[in-house]
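*Asks:* Give me a 3D structure for the following:
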Amino acid sequence: MWQVQLHRDVAAKLEKYGEQNPEFIPTLGDLRNELATNPKQFERKQGKLRKARAAPLKWLGDAWRAVFTIDEERRIVRVLSLGPHDEAYAEAARRI
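*Replies:* Sure, this is the predicted structure:
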């Protein structure tokens, strides 16, 4: 198992929307469980975000991303951003 750490803005979004909100596919809770069990299933990014990975999800049909990094040594997944596709990548680039 991996420890999942959320940036404070990501934690606020989880609190706002709720982990089991069915408007998200997968739900935010299911995504968190996937990150805790197998974060390497998600593709690595390129360029400035080459140290990050991104998990896709949909909210009311819109493409969202959870952008995160992996600390192999400590087995920690750090979720840098969560939001609409382009916004999530831009926020993650500022936080990496």
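*Asks:* Phi and psi next, for the residue nearest to the spatial centre of the chain.
*Replies:* Nearest to the centroid of the C-alpha atoms of the chain, with distances taken as Cα atoms, centre = their mean, sits Ala66, at 2.4 Å. When quoted as degrees, to the nearest 10, the phi and psi of Ala66 stand at phi -110, psi 110.
*Asks:* was I right about it contacting Leu35?
*Replies:* Yes. The pair Ala66 and Leu35 qualifies as a contact (Cβ atoms under 8 Å) at a distance of 7.5 Å. Using the backbone N, CA and C atoms, a C-beta is placed for each residue, glycine as well.
*Asks:* Need the overlap of contacts for those two.
*Replies:* When Cβ atoms under 8 Å, 6 or more residues apart in numbering defines a contact, the residues bordering Ala66 and Leu35 alike are Ala55, Val79.
*Asks:* Put the alpha carbons of the helix or strand hosting Glu91 into PDB.
*Replies:* Of the helices and strands defined by DSSP states H and E, Glu91 is found in helix 85-95. Only the C-alpha atoms of helix 85-95 are listed here, as PDB (Å, rounded to 0.1, in the frame of the first residue of the first chain):
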ATOM      1  CA  HIS A  85      -7.700  18.800 -17.700                       C
ATOM      2  CA  ASP A  86      -5.700  21.900 -18.600                       C
ATOM      3  CA  GLU A  87      -6.200  23.600 -15.200                       C
ATOM      4  CA  ALA A  88      -4.900  20.500 -13.300                       C
ATOM      5  CA  TYR A  89      -1.700  20.400 -15.400                       C
ATOM      6  CA  ALA A  90      -1.100  24.100 -15.000                       C
ATOM      7  CA  GLU A  91      -1.500  23.900 -11.200                       C
ATOM      8  CA  ALA A  92       0.700  20.800 -11.000                       C
ATOM      9  CA  ALA A  93       3.500  22.500 -13.000                       C
ATOM     10  CA  ARG A  94       3.500  25.400 -10.500                       C
ATOM     11  CA  ARG A  95       3.700  22.900  -7.600                       C
END
